[in-house]
Structure formats: structure tokens, C-alpha cells
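Enquirer: Prediction below, plus the sequence it came from.
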Amino acid sequence: MTKPSRPDAPGDGRPRRRPAVARCQRDAAGHPPAHRLRWLQLLQLLIWLVPLLAALVSIGLVAGQVRGHGPAITLGFQDGEGIEPGKTPVRYNDVDIGMVTAVRLATDLSRVLVTVQLNQEAADFATQGTRFWIVRPRAGMSGASGLGTLLSGTYIGADSGGSREPETQFTGLENPPVVSLRQQGARFVLRGPSLGSVETGSPVYYRHVEVGQVTGTALDKDGAGVTIDVFVEAPYHRYVGRDTQWRHASGLGLRLDAAGLRVNAESFQAMLLGGIAFQPSPGQPMGDAVPDGMVFSLQSGDLDAADGLDGKPSTVVMHFDQSLHGLSVGAAVDFRGVQLGEVTNVGVALDPKTHTFVMPVTLNLYPDRLGQAFRASSAYGDAAAGKALLRTLVARGLRGQLRTGNLLTNQLYVALDMFPNAPPVQLELNRTLIALPTIPNTLDDLQAQIADLAKTLDRVPLDQLGTHLGQRLDNARRLFALTDAQLAPQARATLAAARQAFDTAQAIAQGPLLRPAGLSRVREQLGQTLRALDSLTDTVAQHPESLVWGPAVDTRAAQSP
């Protein structure tokens with residue numbers, strides 16, 4: 001079987017034929033045509049452009065993503081509960097401004113470090129002063145917060161302070177801030193002896209109107225008091241002056257002191273949550289605001305500052321040589337009916353010189369309460385002039401005295417008054433606390449005199465006196481019994497009266513305890529006895545025969561019709 005020959009195979013005797021395509025792609029010299037070459041070159045160029053375009057697109061996407069992100073920051077928290085990379089957002093006013101990208105432990109294992117990628121429009125949050133905190137469901141006496149996280153999940157809250165200094169390392173807050181950094185108002189610092197029922201978020205009142213909040217509380221480093229940070233909203237912050245009084249407005253204030261029972265309540269909310277109230281000093285001009293961060297003193301009692309005490313207090317001490325039972329911290333210091341201050345401390349101290357105990361009482365006095373004339377005479381603001389005036393007042397008899405303000409409760413208060421006849425005292429003004437002299441109370445002097453009289457009576461041998469008196473009365477009674485039979489009937493009546501008086505005196509003298517009242521009765525009965533004996537003696541002296549026949553009868557009077 002023969003193979004079919006190829007049409008273009010050589011040797012078949014026919015001319016070789018080329019394909020039409022080949023004839024079109026090459027010229028007479030065997031080269032492709034020019035237009036075909038250009039297409040081939042264009043095709044090769046397109047093949048290289050595809051990956052180049054892909055690379056450019058990728059670079060553009062990466063660049064766009066980089067341009068859409070802000071700076072990366074690191075936050076430190078005590079724990080990372082509820083925080084997940086790629087799921088936990090960072091929000092400001094409920095708007096997402098970033099996303100958590102990583103969570104890790106610190107090198108010393110003391111806290112959790114959270115890496116956050118901020119959005120481009122949130123780049124201003126990577127500055128000094130910005131605060132971050134974890135928003136979780138919270139419930140307390142002041143209310144509930146973060147309840148939306150029960151559905152949406154935990155997120156990180158942010159608050160920018162408006163600074164321009166860049167910062168990438170932050171320490172997160174454990175509790176949400178009470179006041180935003182951008183809120184208008186003023187911040188102040190209060191220092192007091194105790195926190196009471198005040199806590200972060202407690203309200204601040206002005207004339208029973210809520211005008212601010214407590215933003216933070218802390219115990220002083222020395223443990224002697226507490227520091228409270230408060231925020232007063234605008235425009236109410238202009239009511240705070242340099243002499244503004246701050247006080248606790250927590251709950252229901254009850255006080256039983258020398259002035260009686262006093263009740264004070266700010267509001268029902270304050271009764272539940274506690275709070276702080278302030279009031280300007282009398283005459284303080286409105287609008288005379290003080291700078292942020294100014295430190296004020298917080299009154300320890302609920303009613304101390306409410307008494308209207310103004311000006312800066314002067315702390316003095318008084319030493320009393322008597323019992324302080326009934327005198328409590330917060331008791332009033334009175335000057336002729338005007339309250340000048342209050343008692344801040346009551347204690348006891350040993351005098352190393354005399355080895356006796358004294359009772360020091362520390363007081364806060366407000367000299368401004370004495371009026372403009374006193375401030376002018378004391379060269380207000382001049383410490384030397386004030387001390388000189390105080391020395392003059394003490395020389396003229398200014399003394400402190402404990403007095404009873406309430407007889408039912410036996411509550412005491414400190415009274416300042418002038419005693420011109422008081423013994424002179426040398427006032428020492430170089431001490432840290434000026435010691436004002438004191439004088440005993442008139443009632444205390446009377447009690448001391450009664451006690452001295454009782455001691456004197458105790459030294460009198462009343463038992464021996466009663467025994468001797470009883471013996472003498474027994475002898476007299478036997479004498480009366482002996483003479484009774486020898487006297488006439490008329491004389492017996494006189495003798496009977498004397499005997500009765502002696503019997504009464506003897507009964508009193510032989511009683512279980514001979515007291516001054518018993519002595520008075522004995523003296524009275526003896527006086528009656530002596531008067532009866534005097535009458536009997538006169539009768540016997542004038543008519544001796546009466547001892548036998550009785551007194552003579554006037555016959556003329558008997559014979560008269």
C-alpha cells in the first residue's frame with residue numbers, strides 16, 4: 001500500500017506551495033511584515049504591563065490604607081477583660097476612631113498592654129492629656145453606665161484634652177471620668193479630715209442646686225486627711241471666691257449640742273449619695289472667680305460652714321483645769337451671744353513642769369465676725385498688729401470659760417468674755433498656737449466651795465459629839481426623875497416641858513448619823529429646855545416654899561366678886 005504523497009513534498013514533479021498565512025507574514029527576503037512586528041512588540045509590552053499594573057494597584061491600596069490610618073498608640077490597663085484584637089473598637093462620643101490590633105502582657109507582668117491603631121481623622125487623640133478607659137457595664141449608688149455594651153460588647157472610651165504635644169504611651173483609667181476635659185467650668189481641690197459618704201460622682205450643690213460633681217478622691221500621703229477633686233460647671237464657677245466655704249452635704253445632718261437639736265438636709269439625692277455644698281462669703285462680689293486648681297478647706301461637720309462664718313480662721317488653744325465632759329468637737333465658741341468659731345479638738349496633756357494633767361482645747365476663731373471696727377483696729381492683714389491687739393485684750397481681762405448651754409443634755413460650749421478682775425496673765429505670742437488664758441466657771445467655783453465645806457464637816461468629830469451629848473442628856477433625865485417627886489404639881493408642868501425637850505434632843509443625838517440638820521433640831525430642843533429651866537429657876541428663887549406647897553395664890557383676887 002503506497003503512501004499518499006504530500007503535495008509540497010520535493011520530488012513529486014510539482015511546484016512546492018506555501019501556506020497562505022506564511023505568505024502573508026513574510027516578505028521576499030523571509031522577514032515578517034512591519035505591521036506584524038509592531039503587533040508582536042505591543043503584545044509583549046502588554047504582557048509586562050499586567051503585573052506592573054497589579055503591583056501599582058497593590059501599592060496604591062497599601063498606600064491608601066496607610067493614609068487612612070492614624071498613629072499607633074499603646075494603652076496600659078490593669079486587666080484586659082473583654083478586649084479582643086480586631087474586634088474591640090475605640091470610640092469617642094459613640095463614634096469609632098480606632099481599633100485594637102494587639103493585646104499582650106507587660107514585661108514585668110504588672111499590666112496589660114493594648115495596641116490601638118487610630119483612624120486618620122483621630123490623629124489628635126495621640127497627644128498628651130488624652131484619657132482612655134474600658135467601658136463595661138457598671139452599677140452603683142449614683143446610677144448605671146455602660147449598659148449598651150451588653151449588646152455591642154466592650155469598647156475603649158477616649159477623651160481628648162486638646163493638647164498638641166504628641167504621645168504614644170498612655171496609662172488607661174480604671175473608671176470612666178466623670179467630667180469631660182472639654183467641658184466648660186473650673187476644677188478645685190478640697191482638703192478635709194475625712195471623706196464621709198462622698199465618692200467619685202457625688203454632686204456639688206450651690207444653694208441646693210446641683211452645679212458640679214466630685215471627680216476624684218484620695219487619701220493624703222501622711223494619712224492625716226483626704227483630698228477631694230471637684231468640678232463646678234460654667235457659669236456657676238464664678239460664684240466660687242477665695243473665701244468660699246465648703247462643707248459636707250451628705251445625708252441628714254443631726255446635731256445635739258449646746259444650742260439644742262439641729263437638723264440639716266441638702267436634698268433627697270444627697271441623703272442617698274452624699275455630696276458637697278459651697279457658699280460664698282458675705283460681701284463677696286460675683287464674677288470674682290478664682291483660678292483652676294485652687295485649694296480650699298472642707299469643713300468637717302455638716303453644719304459648721306452653714307453658720308455663716310467668714311474669713312480665714314485663726315487657730316488657738318485653751319487649757320482648762322476641769323472636766324471636759326459635755327464638750328465635743330464642733331461646739332460653739334461664743335462671745336456675748338455671737339458665735340466666733342468652733343472647737344476642733346479636745347484632748348489631755350501632761351505638764352512636765354508641774355507633773356499635772358491639763359485639758360487642751362483647740363479652737364478655730366473667725367475674727368471677721370467682730371465687725372469692720374475690729375478689723376480696722378487690728379490693722380487687718382498685719383500679724384504683728386493683730387498680736388499686739390490680742391495682748392491688750394488679754395491684759396484687760398479677755399478670758400475663755402466653759403459654760404453649760406443645755407441643762408437637759410449637759411452640753412458645754414466655750415465662752416469668750418471680758419473679766420476685768422481676773423488675775424493678770426502673761427500672754428506668750430511666740431508659740432505655734434497662741435494659748436489664750438481661761439477662768440473657772442462661777443458654778444464650778446460654787447461646787448468647789450461646797451466640796452470644801454463637805455471636807456470640813458467630815459473633819460468634825462460628830463460621832464464623839466453625839467456620844468457626849470447623849471451622856472449629858474441621860475444625866476439630866478435622871479436628875480429630872482429624881483426631882484420630879486419633890487416638886488409641886490405646878491413645878492412638875494414646867495419640868496415636864498423641859499423633860500420632853502430633852503427627850504427629843506436625846507433621840508436626835510442618839511440617831512444613826514448626826515447631820516447638820518439634826519444639829520439644828522438639837523439646838524432648838526435644847527433652847528426650849530433652857531427656857532423651861534429658866535422659868536423653873538425664877539419660880540423657885542422667888543417662892544422657895546413652892547417646892548413644897550406650890551406657888552402662892554393671890555387671896556385678894558380670889559375674894560374679889
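Expert: In hand now; what should we look at?
Enquirer: mind listing the helices in the stretch 51-200 of the chain by residue range?
Expert: 149-152 (DSSP state H, counting those that start in this stretch).
Enquirer: wait, doesn't residue 342 sit right on residue 332?
Expert: Yes - between residue 342 and residue 332 a contact is recorded at 6.1 Å, counting by Cβ atoms under 8 Å. Any C-beta I mention is one placed from the backbone N, CA and C, and that applies to glycine too.
Enquirer: Among the two, which residue is more densely surrounded?
Expert: When neighbours are counted by other Cβ atoms under 10 Å, residue 342 and residue 332 differ, and residue 342 comes out ahead with 25 against 20.
Enquirer: In which helix or strand does the more buried one reside?
Expert: strand 338-346 (DSSP states H and E).
Enquirer: Only C-alpha atoms, please: export that strand in PDB.
Expert: Output in PDB follows, covering the C-alpha atoms of strand 338-346 (Å, rounded to 0.1, in the frame of the first residue of the first chain):
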ATOM      1  CA  VAL A 338     -22.100  86.000 118.800                       C
ATOM      2  CA  GLN A 339     -20.600  82.700 117.500                       C
ATOM      3  CA  LEU A 340     -16.900  83.300 116.700                       C
ATOM      4  CA  GLY A 341     -15.800  79.800 115.900                       C
ATOM      5  CA  GLU A 342     -15.900  76.200 116.900                       C
ATOM      6  CA  VAL A 343     -14.000  73.600 118.800                       C
ATOM      7  CA  THR A 344     -11.800  71.500 116.600                       C
ATOM      8  CA  ASN A 345     -10.100  69.200 119.100                       C
ATOM      9  CA  VAL A 346     -10.400  68.100 122.700                       C
END
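Enquirer: list the contacts for residue 334?
Expert: Neighbouring residues of residue 334 by Cβ atoms under 8 Å, 6 or more residues apart in numbering: 340, 403, 413, 414, 415, 416.
Enquirer: what bits of the stretch 401-550 of the chain have low per-residue confidence?
Expert: For the stretch 401-550 of the chain, the stretches with pLDDT under 70 are 407, 442-550.
Enquirer: Find the least confident helix or strand in the chain, judged by mean pLDDT.
Expert: Across the helices and strands of the chain, mean confidence by mean pLDDT, DSSP states H and E is lowest for helix 555-559: a mean of 41.
Enquirer: So what does residue 48 look like in phi/psi?
Expert: Per-residue torsions, residue 48: phi -80, psi -30 (degrees, to the nearest 10).
Enquirer: where's it relative to residue 57, distance?
Expert: Distance, residue 48 to residue 57, by Cβ to Cβ, to the nearest Å: 15 Å.
Enquirer: same deal with residue 280?
Expert: In this view, residue 280 and residue 57 are 69 Å apart by Cβ to Cβ.
Enquirer: The two: who's more crowded?
Expert: Each of residue 280 and residue 57 has its neighbours counted (other Cβ under 10 Å); residue 280 has more, 19 against 10.
Enquirer: Let me know whether that one touches residue 244 as I believe.
Expert: Yes - counting by Cβ under 8 Å, residue 280 touches residue 244, with 5.4 Å between them.
Enquirer: Excluding sequence neighbours, find me the nearest residue to residue 401.
Expert: Once flanking residues are discounted, residue 401 sits nearest to residue 415: 4.9 Å by Cβ to Cβ, 6 or more residues apart in numbering.
Enquirer: Which strand residues bridge the one you found?
Expert: Under the criterion DSSP bridges, residue 415 forms beta bridges with residue 334, residue 401.
Enquirer: Which stretches in the stretch 301-450 of the chain count as helices?
Expert: For the stretch 301-450 of the chain, the helices defined by DSSP H, counting those that start in this stretch cover 372-377, 383-395, 442-459.
Enquirer: pLDDT weak spots in the chain?
Expert: In the chain (pLDDT under 70), the answer is 1-37, 62-68, 139-146, 251-273, 281-289, 300-312, 371-386, 407, 442-561.
Enquirer: Kindly report the domain assignment for it.
Expert: 23-57, 67-171, 185-307, 314-450, 460-547 (automatic domain parsing).
Enquirer: residues touching residue 433, list them.
Expert: Listed by Cβ under 8 Å, 6+ apart, the contact partners of residue 433 are 315, 316, 317, 362.
Enquirer: The second one reaches residue 365, doesn't it?
Expert: Yes - taking contact to mean Cβ under 8 Å, the distance of 6.1 Å between residue 316 and residue 365 places them in contact.
Enquirer: Could I get the buried residue list for stretch 429-437?
Expert: 434, 435, 436, 437 (16 or more other Cβ atoms under 10 Å).
Enquirer: I'd like the residues you listed written out as JSON lines, with distance to residue 75 added.
Expert: Output for the buried residues of stretch 429-437, formatted as JSON lines (distance: Cβ to Cβ, whole Å):
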{"residue": "434", "distance to residue 75": "54"}
{"residue": "435", "distance to residue 75": "56"}
{"residue": "436", "distance to residue 75": "57"}
{"residue": "437", "distance to residue 75": "63"}
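Enquirer: okay, now residue 167: neighbour count?
Expert: Using other Cβ under 10 Å, residue 167 has 14 neighbouring residues.
Enquirer: Find the nearest non-adjacent residue to it, please.
Expert: Residue 167 sits nearest to residue 128 (Cβ to Cβ, 6+ apart), 4.6 Å away.
Enquirer: doesn't residue 168 make contact with the one you found?
Expert: No - assessed by Cβ under 8 Å, residue 128 is found out of contact with residue 168, at 10.4 Å.
Enquirer: For residue 180, which residues are in contact?
Expert: Residues in contact with residue 180 (Cβ under 8 Å, 6+ apart) are residue 159.
Enquirer: can you do 10 Å?
Expert: 93, 131, 159, 160, 161, 231 (Cβ atoms under 10 Å, 6 or more residues apart in numbering).
Enquirer: Going through those residues, which ones are buried?
Expert: The neighbour-count test (16+ other Cβ under 10 Å) marks 131, 159, 160, 231 as buried among those.
Enquirer: Between which two of the residues you listed is the distance greatest?
Expert: Farthest pair in the buried ones among the contacts of residue 180 (Cβ to Cβ) is 160 and 231. Separation: 17.2 Å.
Enquirer: Now residue 331: closest residue in space that isn't a chain neighbour?
Expert: Counting by Cβ to Cβ, 6+ apart, residue 331 lies nearest to residue 343, which is 4.4 Å off, once chain neighbours are set aside.
Enquirer: and the one you found, what does it touch?
Expert: Residues in contact with residue 343, defined by Cβ under 10 Å, 6+ apart, are 257, 318, 324, 327-333, 361-364, 412-414.
Enquirer: Show the buried residues in those.
Expert: 257, 318, 324, 327-328, 331-333, 361, 363-364, 412-414.
Enquirer: Dump these to CSV, plus distance to residue 297.
Expert: Formatted as CSV, the buried ones among the contacts of residue 343 follow (distance: Cβ to Cβ, whole Å):
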residue, distance to residue 297
257, 21
318, 22
324, 25
327, 23
328, 20
331, 19
332, 19
333, 17
361, 20
363, 15
364, 10
412, 25
413, 22
414, 21
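Enquirer: among the residues you listed, which are in strands?
Expert: Assigned to strands by DSSP state E, the following of the buried ones among the contacts of residue 343 qualify: 257, 318, 332, 333, 361, 363, 364, 412, 413, 414.
Enquirer: ok, of these, which one's closest to residue 216?
Expert: Closest to residue 216 out of those is residue 364 (26.8 Å), distances taken as Cβ to Cβ.
Enquirer: quick one: contacts for the closest one?
Expert: Contact criterion Cβ under 10 Å, 6+ apart gives 297, 299, 304, 309, 312-316, 333, 340-345 as the residues in contact with residue 364.
Enquirer: I'd like the distance between the closest residue to it other than its chain neighbours and residue 340.
Expert: Spatial nearest neighbour of residue 364, excluding adjacent residues (Cβ to Cβ, 6+ apart): residue 313 at 4.1 Å. Between residue 313 and residue 340 the computed distance is 10 Å (Cβ to Cβ).
Enquirer: Overlap of the contact sets of the two?
Expert: The contact sets of residue 313 and residue 340 overlap at 363, 364, 365, 366, 367, 368 (Cβ under 10 Å, 6+ apart).
Enquirer: can I assume the first one is in contact with residue 400?
Expert: Think residue 363. Yes - if you go by Cβ atoms under 10 Å, residue 363 and residue 400 touch, sitting 8.2 Å apart.
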